[in-house]
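**Q** Kindly return the folded structure for what I paste below:
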Amino acid sequence: MVSVVISVRIPKELKEKLEELDINVSEVVREFLKEYVEEIEIKRLEEKLRRLRLHLSGKIDPTIVAKLVREDRVRK
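**A** Predicted structure coming up:
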């Protein structure tokens, strides 16, 4: 996996507190961003599903849609 460097300007006091608490900032930021991206992806998929439900209401069995969504989530 190729990686890139990002930088963020934070208050000096926060940096000192992070060091004082021996917090691995890289690890925390990496994990937060990973979870945040997953959260956004899920929200967007839920919105697409909502629109599909409106469009297909009465045309397809909702249990099939739910099963397909579950299978898709498991694959990720």
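**Q** Please count neighbours and contacts with C-alpha atoms only from this point.
**A** Will do.
**Q** Next up, identify which helix or strand residue 35 is on.
**A** Secondary structure assignment for residue 35, by DSSP states H and E: helix 25-56.
**Q** Nearest residue to the middle of this structure?
**A** In the chain, the C-alpha closest to the average C-alpha coordinate belongs to residue 38, at a distance of 1.7 Å (Cα atoms, centre = their mean).
**Q** any idea how far residue 48 lies from residue 60?
**A** Computed as Cα to Cα, to the nearest Å, the residue 48 to residue 60 distance reads 15 Å.
**Q** Count the residues that sit near residue 15.
**A** 14 (other Cα atoms under 10 Å).
**Q** Relative to the whole chain's centre, how far out is stretch 41-55?
**A** Mean C-alpha position of stretch 41-55 versus that of the full chain (Cα atoms, centre = their mean, to the nearest Å) differs by 15 Å.
**Q** so where is the protein shaky, pLDDT-wise?
**A** Low-confidence segments of the chain (pLDDT under 70): 76.
**Q** same thing but at 90, please
**A** Scanning the chain for pLDDT under 90 picks out 1, 52-69, 71-76.
**Q** circling back to that earlier point, from residue 59, how far off is the residue nearest to the centre of the chain?
**A** Residue 38 sits at a distance of 30 Å from residue 59 (criterion: Cα to Cα).
**Q** go on, residue 3?
**A** Taken as Cα to Cα, the span from residue 3 to residue 59 is 45 Å.
**Q** Which one's more surrounded, these two?
**A** residue 59 (8 against 5).
**Q** for that one, helix, strand, or coil?
**A** Three-state call for residue 59 (DSSP: H, G, I helix; E, B strand; the rest coil): coil.
**Q** what's the answer for residue 8, then?
**A** Under three-state DSSP, residue 8 falls in the coil class.
**Q** How about residue 2?
**A** Under the three-state scheme (three-state DSSP), residue 2 adopts coil.
**Q** How about the contacts made by residue 41?
**A** Listed by Cα atoms under 8 Å, 6 or more residues apart in numbering, the contact set of residue 41 is empty.
**Q** Against residue 49, how distant is it?
**A** The spacing between residue 41 and residue 49, counted by Cα to Cα, is 12 Å.
**Q** Having no further points to raise, I will conclude here.
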